[in-house]
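Trainee: next input, structure requested:
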Amino acid sequence: MISFKKEKWIPVRKSNLKYYVDIDLFYRNKTSGEVLLYKNAGMHITDERLKDKSYTGDLYIRPEDKSRCLRNVHSGFSSNLDESMEVGVEKVKEELINIIDETLHEPRSGGLEVIPDTMDLIVDSYSRQPDVIKNLAKISHSDYTTTIHSLNVMALTVGYCFYTNKPFKTTVDYGLTALFHDIGKTEIPQDILSAPRPLSDYEFDTMKSHTLLGAEILQANSHDVHLAIPGALEHHEKLDGRGYPHGQKTISEIGQILAIIDSYEAITNDDRLYRSAMEPLDALAVLKEEVDKERLNKKIFENFAYSLTNFSGGRGGKTILSNGMDFLKV
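Mentor: Presented below is the predicted three-dimensional model:
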């Protein structure tokens, strides 16, 4: 008998099962805790079997199969991207959530190396159909998760890079860094991440550790994702030295970009019982106060604000018009 508790089984999204033909899948007997084979590698899962209500629990893969699974999912995303873009932005975001959710589950077990290729596709698609990728950040979700936040930050970052004419390679690297900036939150307790109240001092200290954990996770993965370490480590640093984790004043460009975009995305989308999400212009006004205190980069802030022109951002999907942002100029 295989013990469920003694092995690090990785759950998979059922919407991705079509990509797992060559992978063994397992399920857990909830009574005995025994892990049983659901299907052998090489066996297709029919629609009839997926509709079978006799087993409605999670399906799992072995940790050593994770990278192969993610490569299969990425290959499917690549093959279907043009078709998904024809369907609309909701379909593209659904596919990206599938990839990122599975990638970020147990990230120390590997699999992050497939994401640079996914990022290449996204940036290339942006250059061909910018409205689709731009509007990724427009779609609101009742279940606001780290994955959705990270995807929104990525879309806003790619938009910023195109607005400021960054080279293709830099845009890909910065988009990848944006996707992984909060990867350390995979090791923060869920009750802290989703607390419906302000955090205690102890909880906030725990939350702040996600920056250091993120750098550790990325360092432990393949060399392809090491470029994302500065963004994971520095996106809460401030130019006056009052940020965390190190209180440093010298911050990389991507660290400074993410300090602005990460904050903007969170305060325009993350509704809590004790705090409502803000409208885009109100959020920019809050960030401008930080700029005026010399905590955030002035030029990056102004470029980001104007990169939002005709960009449907914020939870209401409202367009931010340039003639409404004159007061934000520094």
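Trainee: helix, strand, or coil at the closest residue to residue 248 other than its chain neighbours?
Mentor: Using Cβ to Cβ, 6 or more residues apart in numbering and skipping the chain neighbours, the partner closest in space to residue 248 is residue 237 (5.6 Å). For glycine as for every other residue, the C-beta is placed from the backbone atoms N, C-alpha and C. Using DSSP: H, G, I helix; E, B strand; the rest coil, the structure places residue 237 in coil.
Trainee: neighbours of residue 237, just the number please.
Mentor: 26 (other Cβ atoms under 10 Å).
Trainee: cool, residue 109 as well?
Mentor: If we define neighbours as other Cβ under 10 Å, then residue 109 has 16 of them.
Trainee: can you tell me which residues contact it?
Mentor: Applying Cβ atoms under 8 Å, 6 or more residues apart in numbering, one finds that residue 109 lies in contact with 8, 10, 63, 66.
Trainee: separation between the second one and residue 72?
Mentor: Read that as residue 10. 14 Å (Cβ to Cβ, to the nearest Å).
Trainee: now do the third one
Mentor: When distance is defined by Cβ to Cβ, residue 63 is 16 Å away from residue 72.
Trainee: ok, these two, which is more surrounded?
Mentor: Just comparing residue 63 and residue 72: by other Cβ under 10 Å the higher neighbour count belongs to residue 72, 19 against 16.
Trainee: my guess is the more buried one meets residue 19, correct?
Mentor: Yes - here residue 72 reaches residue 19: they are 4.2 Å apart, a contact under Cβ atoms under 8 Å.
Trainee: low-confidence ranges, the protein, go.
Mentor: For the chain, residues meeting the criterion pLDDT under 70 lie at 1-7, 47-56, 82, 86, 133-134, 138-143, 271-275, 310-330.
Trainee: now do the domain split for it, please.
Mentor: 10-61, 66-328 (automatic domain parsing).
Trainee: so who does the residue positioned nearest the centre of the chain touch?
Mentor: By Cα atoms, centre = their mean, the chain has its centre lying nearest to residue 150, at 2.6 Å. The neighbourhood of residue 150, defined by Cβ under 8 Å, 6+ apart, consists of 100, 104, 178, 179, 180, 181, 182.
Trainee: identify the farthest-apart pair in those.
Mentor: Of all pairs drawn from the contacts of residue 150, the greatest distance, 13.6 Å, lies between 104 and 178 (Cβ to Cβ).
Trainee: look at these two and report which has more neighbours.
Mentor: Neighbour count, other Cβ under 10 Å: between residue 104 and residue 178, residue 178 has more, with 30 against 22.
Trainee: my read: the more buried one touches residue 157, true?
Mentor: Yes - using Cβ under 8 Å, residue 178 is in contact with residue 157, at 4.0 Å.
Trainee: who touches both of these two?
Mentor: 258, 261.
Trainee: buried stuff in stretch 61-78?
Mentor: 61-63, 65-70, 72-74, 76-77 (16 or more other Cβ atoms under 10 Å).
Trainee: the residues you listed in strands, which ones?
Mentor: residue 61 (DSSP state E).
Trainee: grab the nearest non-local neighbour of residue 291.
Mentor: residue 301 (4.9 Å).
Trainee: in which helix or strand does that neighbour reside?
Mentor: helix 298-307 (DSSP states H and E).
Trainee: with residue 37 instead?
Mentor: Residue-wise, residue 37 maps onto strand 35-39 under DSSP H and E.
Trainee: got it, and residue 100?
Mentor: Going by DSSP H and E, residue 100 is part of helix 89-104.
Trainee: ok, now residue 8?
Mentor: Residue-wise, residue 8 maps onto no helix or strand under DSSP H and E.
Trainee: ok, now residue 156?
Mentor: helix 146-163.
Trainee: ok, residue 198 next?
Mentor: Using DSSP H and E, no helix or strand contains residue 198.
Trainee: from residue 136, how far out is the closest residue in space to residue 129 that isn't next to it in sequence?
Mentor: Of all residues not flanking residue 129 in the chain, residue 85 sits nearest, at 5.7 Å (Cβ to Cβ, 6+ apart). Counting by Cβ to Cβ, the gap from residue 85 to residue 136 is 11 Å.
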